[in-house]
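Colleague: Any chance you could fold what I've pasted below:
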Amino acid sequence: MSGARVELLTTSGVFALDGGEWEVDNNVWLVGDDEEVVVVDAAHDADAILAAVGGRRVVAVVCTHAHNDHVNAAPAVADAVGAPILLHPDDRVLWDTTHPDRAPDGELADGQTVAVAGTGLRVLHTPGHAPGAVCLYAPELGTLFSGDTLFRGGPGATGRSYSDFPTIVGSIRDRLLTLPPDTVVRTGHGDSTTVGEEAPHLQEWIDRGH
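Modeller: Sure, this is the predicted structure:
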């Protein structure tokens, strides 16, 4: 039986892309127990994230994608605790715009499992919002960490560089809506939802995207 739990920290800062800037609140997810954690999306505030980690061992700083608001605190957090930063290689083009002098430490691959506190986070490559976007599925916790791929009410944004609407719709249809309906979807911004809540709504998006 896994002793892992999910903790939420919300941080605030600026999302910058294509010459624009927007004030945003980001969800930083910690998955683990009293001994060790995985940090999902180290956003904006390294000190706040390190305070939430406390004295626990950080297994990895996992990036669901490399938009700056999801990775801007990743090097500071990782270097402070000696943890690797993991990113899907298809998002290096975005990562390098934020951290040109610091490469990620390891690559995420579809089907890979990141183990922490007796549970596993399975990597699902879900391009569309970004080329290397991934979601993390923890079946034992009944939870999906969706980054900016799926939100309460629909898909993530696809109006900016390196994003594509038909691709994100396909990712959601094929990779996420196939999960159990009661799976809790913990998003990169805003409120959580479930696969079952979103499936009927998303069908309309899928039909519209064809």
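
Colleague: contacts, neighbours, all on C-alpha from now
Modeller: OK.

Colleague: Pretty sure residue 114 sits against residue 108.
Modeller: No: assessed by CA atoms under 8 Å, residue 114 is found out of contact with residue 108, at 9.1 Å.

Colleague: ok, those two, which is more surrounded?
Modeller: Remark: of residue 114 and residue 108, residue 108 carries more neighbours, 23 against 18, as counted by other CA atoms under 10 Å.

Colleague: which residues touch residue 134?
Modeller: Contact analysis of residue 134 by CA atoms under 8 Å, 6 or more residues apart in numbering lists 64, 65, 88, 123, 124, 125, 126, 127, 146, 147, 149.

Colleague: From residue 58, how far off is the closest residue to residue 162 other than its chain neighbours?
Modeller: For residue 162, ignoring the flanking residues on the chain, the nearest one in space by CA to CA, 6 or more residues apart in numbering is residue 130 at 5.7 Å. Distance, residue 130 to residue 58, by CA to CA, to the nearest Å: 26 Å.

Colleague: got it, and residue 134?
Modeller: Residue 134 sits 20 Å away from residue 58 when distances are taken as CA to CA.

Colleague: now swap in residue 206 and tell me
Modeller: Counting by CA to CA, the gap from residue 206 to residue 58 is 38 Å.

Colleague: repeat for residue 188
Modeller: With CA to CA as the criterion, residue 188 and residue 58 are 20 Å apart.

Colleague: hmm, back to that, surely the residue nearest to residue 162 meets residue 91?
Modeller: Yes: contact criterion CA under 8 Å: residue 130 and residue 91 qualify, at 6.9 Å.

Colleague: shared neighbours, these two?
Modeller: Common contact partners of residue 130 and residue 91 (CA under 8 Å, 6+ apart): 65, 66.

Colleague: For those two, indicate the residue with more neighbours.
Modeller: Between residue 130 and residue 91, counted using other CA under 10 Å, residue 130 has the larger neighbour count: 27 against 21.

Colleague: what are the ranges of the strands in the protein?
Modeller: All strands of the chain, identified by DSSP state E, fall at 5-17, 20-32, 36-40, 57-62, 85-87, 106-107, 113-116, 119-125, 134-138, 143-147, 150-151, 154-155, 184-187, 193-194.

Colleague: Including distance to residue 48, could the ones you listed go into CSV?
Modeller: Shown next, in CSV, are the strands of the chain (distance: least, CA to CA, whole Å):
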stretch, distance to residue 48
strand 5-17, 8
strand 20-32, 10
strand 36-40, 12
strand 57-62, 14
strand 85-87, 18
strand 106-107, 24
strand 113-116, 21
strand 119-125, 23
strand 134-138, 23
strand 143-147, 19
strand 150-151, 24
strand 154-155, 28
strand 184-187, 19
strand 193-194, 25
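
Colleague: Serialize those to JSON lines and add fields for distance to residue 173 and mean pLDDT.
Modeller: Converted to JSON lines, these look like this (distance: least, CA to CA, whole Å; pLDDT from 0 to 100):
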{"stretch": "strand 5-17", "distance to residue 173": "25", "mean pLDDT": "97"}
{"stretch": "strand 20-32", "distance to residue 173": "23", "mean pLDDT": "98"}
{"stretch": "strand 36-40", "distance to residue 173": "23", "mean pLDDT": "98"}
{"stretch": "strand 57-62", "distance to residue 173": "23", "mean pLDDT": "98"}
{"stretch": "strand 85-87", "distance to residue 173": "23", "mean pLDDT": "99"}
{"stretch": "strand 106-107", "distance to residue 173": "25", "mean pLDDT": "98"}
{"stretch": "strand 113-116", "distance to residue 173": "21", "mean pLDDT": "98"}
{"stretch": "strand 119-125", "distance to residue 173": "13", "mean pLDDT": "98"}
{"stretch": "strand 134-138", "distance to residue 173": "13", "mean pLDDT": "98"}
{"stretch": "strand 143-147", "distance to residue 173": "13", "mean pLDDT": "98"}
{"stretch": "strand 150-151", "distance to residue 173": "11", "mean pLDDT": "97"}
{"stretch": "strand 154-155", "distance to residue 173": "10", "mean pLDDT": "94"}
{"stretch": "strand 184-187", "distance to residue 173": "14", "mean pLDDT": "98"}
{"stretch": "strand 193-194", "distance to residue 173": "14", "mean pLDDT": "98"}
